[in-house]
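K.L.:
Have a look at this fold, sequence not included:
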């Protein structure tokens, strides 16, 4: 099957078909995202609410293979926790999560469109089956990346607790003087 025949068979052109989106998204909430694409049409900045993104944040981004945005969110969270007081940090992160959640679907769909178009550019020697397989591979979800992030957070927490107890026990209790003991 030549490239021209593939394009005619799959209806490939500058637009992306529902079948291409379905192949790219895979079996993970495909109908939800296809309905979102139907609802928004060409409006790439349509806001909506994505509960998994709100509660899971960077884990959801990693799951949906939005690695660059997940990295930015992780770095922003870490920097905010170091630069601001806890209440300010929590408030800022809540605002960031709300804004991210409002545009998560649009971000995901725009990223999907970009990746599908990149696959189309490289379709020269593919038949229809190879094209669909390439969409499955480039799209879908990643179960491993969020788990790796959990492992990293757990390791950092364990190391932090170990260092805390290590340095907290270095204070000699006999050197401690409380003002309540002096009359």
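P.N.:
Everything's here; your move. Note that the coordinates shown come from a computational prediction; the quantities given were computed from them, not determined experimentally. Numbers count the residues shown, from 1 in each chain.

K.L.:
Quick check: residue 148 vs residue 155, distance?
P.N.:
Going from residue 148 to residue 155 by C-beta to C-beta, to the nearest Å gives 11 Å. Just so you know, the C-beta spots here come from the backbone N, C-alpha and C atoms, and that holds for glycine as well.

K.L.:
mind checking which helix or strand residue 96 is in?
P.N.:
Using DSSP states H and E, residue 96 sits within helix 86-121.

K.L.:
same question, residue 82
P.N.:
Using DSSP H and E, residue 82 falls in helix 67-83.

K.L.:
buried residues in that helix?
P.N.:
69-70, 73-74, 77, 80 (16 or more other C-beta atoms under 10 Å).

K.L.:
Using the three-state scheme, assign residue 28.
P.N.:
State at residue 28, reduced to three classes by DSSP: H, G, I helix; E, B strand; the rest coil: coil.

K.L.:
tell me the SS of the residue nearest to it when sequence neighbours are not counted?
P.N.:
In space, and not counting its chain neighbours, residue 28 is closest to residue 141: 5.0 Å by C-beta to C-beta, 6 or more residues apart in numbering. Under three-state DSSP, residue 141 falls in the coil class.

K.L.:
Confirm for me that residue 141 is in contact with residue 64.
P.N.:
Yes. The pair residue 141 / residue 64 is scored as a contact, 6.3 Å apart, by C-beta atoms under 8 Å.

K.L.:
Look at the two and report which has more neighbours.
P.N.:
residue 64 (28 against 17; other C-beta atoms under 10 Å).

K.L.:
how many other residues sit next to the spatially closest residue to the more buried one that is not a sequence neighbour?
P.N.:
Residue nearest to residue 64 in three dimensions, not counting chain neighbours: residue 108, with 5.5 Å by C-beta to C-beta, 6+ apart. Residues lying near residue 108 (other C-beta under 10 Å) number 21.

K.L.:
And residue 60, by the same measure?
P.N.:
23.
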